[in-house]
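*Asks:* With the sequence up front, the predicted model follows.
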Number of protein chains: 2
Amino acid sequence: MKTRSCLLFAVMALIGWVMPSFAEGVRSQIEAANAKFVELAAQGNAAALAGLYAKEGAVMPAGTEPIRGTEAIAKFWGAALASGVAAVELKTLEVYGRGATATEVGEYALRDKAGKMLDRGKYIVVWKHDASGWKLLRDMFSTNLPPPKG
Amino acid sequence: MKTRSCLLFAVMALIGWVMPSFAEGVRSQIEAANAKFVELAAQGNAAALAGLYAKEGAVMPAGTEPIRGTEAIAKFWGAALASGVAAVELKTLEVYGRGATATEVGEYALRDKAGKMLDRGKYIVVWKHDASGWKLLRDMFSTNLPPPKG
């Protein structure tokens, strides 16, 4: 029994040692993926933006069922960019989870060509790690701005 | 080197064995916490609903900054229940993550006293495990219904 307890302790210690440093790495990798997102949005490249999502990825905006899959996501971002969004700002606040997925909580802002803020809000993204790195698996966001008064 | 490789392999195998069964347990624990949520909503008990959130918990609805802390969350749910929400339905679709946090993706519906659907949509909740079980740490949702035509 002593040997088993000792082994279990060694395993738990190893997990405890590996995981936080892993999480730290995940955060900077997610921030790098976000930097790519911001760059592609500034280029107006909706197809490349959609490529940052996992194949089974989904964007989950208000007012519609989740938008699933690369083609539909490219269309969504194409429409957003065509509507006047010229710049996306993303700020990572928190990263949770370990292993093949991680969850990011952050803040966004959208600006037009002149730099005027169109919208700002919060988001939660579930990231999935695959052979080519971290991909957006679930992307949910909502505005912080009150609805326009009718 | 051989001994080290062998130990590493044993550790990885153990992690691989422990984690999925842990994740399965997490899912049913989260579903149980959701059942409690549904029950308290049906009772109109906003204060108890707020107690299902972590102390540092936040609700992240559209049209406002995140609503942080037990008191503000109780007020938010109090207003929702007062506005005619008599029943909340929650359906867990996916659970991601391991360890002290887990991320749930699901669908919700809100009904009035007569059972009429007031709203339906999707949500992402980051859960945090503390001494008293799983608590909602970040709670984000958005309607699937298109905005009313002006």
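*Replies:* Everything's here; your move.
*Asks:* Residue numbers of chain A in contact with chain B?
*Replies:* A:11, A:14-15, A:19, A:60-66, A:94, A:96-99, A:101-103, A:105, A:121-122, A:124, A:126, A:138, A:140, A:142-147, A:150 (C-beta under 8 Å from any C-beta of the partner chain). Glycine gets a C-beta too; all of them are placed from N, C-alpha and C.
*Asks:* Now the buried members of these.
*Replies:* A:11, A:15, A:60-62, A:64, A:66, A:96-99, A:101-103, A:105, A:121-122, A:124, A:126, A:138, A:140, A:142-144 (16 or more other C-beta atoms under 10 Å in any protein chain shown).
*Asks:* one step back: okay, and which of the residues of chain A next to chain B map to strands?
*Replies:* Counting by DSSP state E, the part of these found in strands is A:60, A:94, A:96, A:101-103, A:105, A:121-122, A:124, A:126, A:138, A:140, A:142-143.
*Asks:* And the furthest pair within those residues?
*Replies:* Using C-beta to C-beta, those reach their maximum pairwise distance at A:101 and A:143, which is 25.9 Å.
*Asks:* can you pull out the helices in chain A?
*Replies:* All helices of chain A, identified by DSSP state H, fall at A:2-42, A:46-50, A:70-82.
*Asks:* Point to the residue nearest the middle of chain A.
*Replies:* The residue lying closest to the centre of chain A (C-alpha atoms, centre = their mean) is residue A:125, at 3.9 Å.
*Asks:* That one against residue A:104, yeah?
*Replies:* Yes: proximity of residue A:125 to residue A:104 meets the contact threshold set by C-beta atoms under 8 Å, at 4.7 Å.
*Asks:* Now tell me which helix or strand of chain A has the poorest mean pLDDT.
*Replies:* Within chain A, no helix or strand scores below helix A:2-42, which has a mean of 76 by mean pLDDT, DSSP states H and E.
*Asks:* Extract the residue ranges of chain A that are flagged as low pLDDT.
*Replies:* Where chain A drops to pLDDT under 70, the residues are A:1-6, A:8-24, A:150.
*Asks:* how does it look with 50?
*Replies:* Within chain A, not a single segment meets pLDDT under 50.
*Asks:* Check the ones in strands among the residues of chain A next to chain B against residue B:134 and report the nearest one.
*Replies:* Taking C-beta to C-beta as the measure, residue B:134 lies nearest residue A:96 of those, at 13.2 Å.
*Asks:* Do I have it right that that closest one meets residue A:102?
*Replies:* Yes: Residue A:96 is in contact with residue A:102 according to C-beta under 8 Å; the separation is 6.8 Å.
*Asks:* list the residues that contact both of these two?
*Replies:* Listed as contacting both residue A:96 and residue A:102 by C-beta atoms under 8 Å, 6 or more residues apart in numbering or on different chains are residue B:97.
*Asks:* Look at the closest residue to residue A:111 other than its chain neighbours and say how many residues are nearby.
*Replies:* Spatial nearest neighbour of residue A:111, excluding adjacent residues (C-beta to C-beta, 6 or more residues apart in numbering or on different chains): residue A:87 at 4.3 Å. Close neighbours of residue A:87, defined as other C-beta atoms under 10 Å in any protein chain shown, add up to 15.
*Asks:* residues touching residue A:87, list them.
*Replies:* By C-beta under 8 Å, 6+ apart, residue A:87 lies in contact with A:38, A:41, A:42, A:110, A:111, A:112, A:115.
*Asks:* Residue A:80 too?
*Replies:* Per C-beta under 8 Å, 6+ apart, neighbours of residue A:80: residue A:46.
*Asks:* again, 6 Å this time
*Replies:* If you count contacts by C-beta atoms under 6 Å, 6 or more residues apart in numbering or on different chains, residue A:80 has none.
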